[in-house]
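Q: What would the 3D arrangement of this be:
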Amino acid sequence: MLKKIRKNLKSSFFYNLFINFFGKYKKSYSENFGEDLFVNFFFKEFKKGFYVDVGCNLPKTSSLTYLLYKKGWSGINIDISKRVIELNKVIRRRDVNLNISVGKEEKMIDSFIFYDNCSMNTVDNKFKEYTRKSVNKDPQVVKIEQLKLDSVLEKYNMNKINYLNIDVEGNELNTLNGFSLNKYNPDLVSIEIHDKTCPPLNNKIYKYFLNKKYSLISIYGWTYFFSKNDNKNIHFNI
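A: A predicted model of the protein is given here:
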């Protein structure tokens, strides 16, 4: 009984809000590998800038953009979890926070919500089965609006992105296919690539960035960082 009460408490909105609002200061807020430290290092000369965080998750915990927000940046946060966006609206008030999916077609689609703040919620059917096995739970199927990322950026009159993060649990290529990379020309892009080979020379996402004249400059776990070939502010060359 106590275990169930504790579980329900930890999954509540107010618990999530408390942990994110009053949580202890951390050098890194990202979930696993300190990716946000690299992002902060890359933009160390930028006092202000603009990010787009697709699959943003919680406002602080697991965030690759919170360190940028702390020093004055702002941006657009997108997530399929309504809970996540409600929390971002409270804590990330300078940002635009949108409860939508992004892809190459604009329509209503199914989202698969396993937990309100689960980082493995997805709109991808294949990844849904992977998450189902991982958490041993069936998802709640929620209809959600899918827009092109281009449409979102046009709505908010964005002409330039400094940092783009894409963490969408199997929906990466669909997201990229609704986005004009070379139009918005982000200085840095991070995206998850689940591939056994490193660097993943035959991976479609990897090839996409090479074809757009972006180079792989760093890897943290499954998160791959790409930047323009002419960008001198890089971590390493491959």
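
Q: Going by residue numbers, what spans are strands in this structure?
A: Using DSSP state E, the strands of the chain run over residues 50-54, 74-78, 96-98, 101-102, 107-113, 140-147, 163-166, 188-192, 214-220, 223-228.

Q: So which of those is the most surrounded?
A: Comparing the strands of the chain by mean neighbour count (mean count of other CB atoms under 10 Å), strand 101-102 ranks first with a mean of 27. Bear in mind the C-beta positions are built from the backbone N, C-alpha and C, glycine included.

Q: in its sheet, what does that strand sit against?
A: strand 140-147 (parallel) (DSSP bridges).

Q: hang on, the earlier thing: how about JSON lines for the strands of the chain, with distance to Val90 and mean pLDDT added?
A: What follows is the strands of the chain, written out as JSON lines (distance: least, CB to CB, whole Å; pLDDT from 0 to 100):
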{"stretch": "strand 50-54", "distance to Val90": "16", "mean pLDDT": "98"}
{"stretch": "strand 74-78", "distance to Val90": "12", "mean pLDDT": "98"}
{"stretch": "strand 96-98", "distance to Val90": "9", "mean pLDDT": "98"}
{"stretch": "strand 101-102", "distance to Val90": "22", "mean pLDDT": "98"}
{"stretch": "strand 107-113", "distance to Val90": "20", "mean pLDDT": "96"}
{"stretch": "strand 140-147", "distance to Val90": "21", "mean pLDDT": "97"}
{"stretch": "strand 163-166", "distance to Val90": "21", "mean pLDDT": "98"}
{"stretch": "strand 188-192", "distance to Val90": "25", "mean pLDDT": "96"}
{"stretch": "strand 214-220", "distance to Val90": "28", "mean pLDDT": "92"}
{"stretch": "strand 223-228", "distance to Val90": "26", "mean pLDDT": "94"}
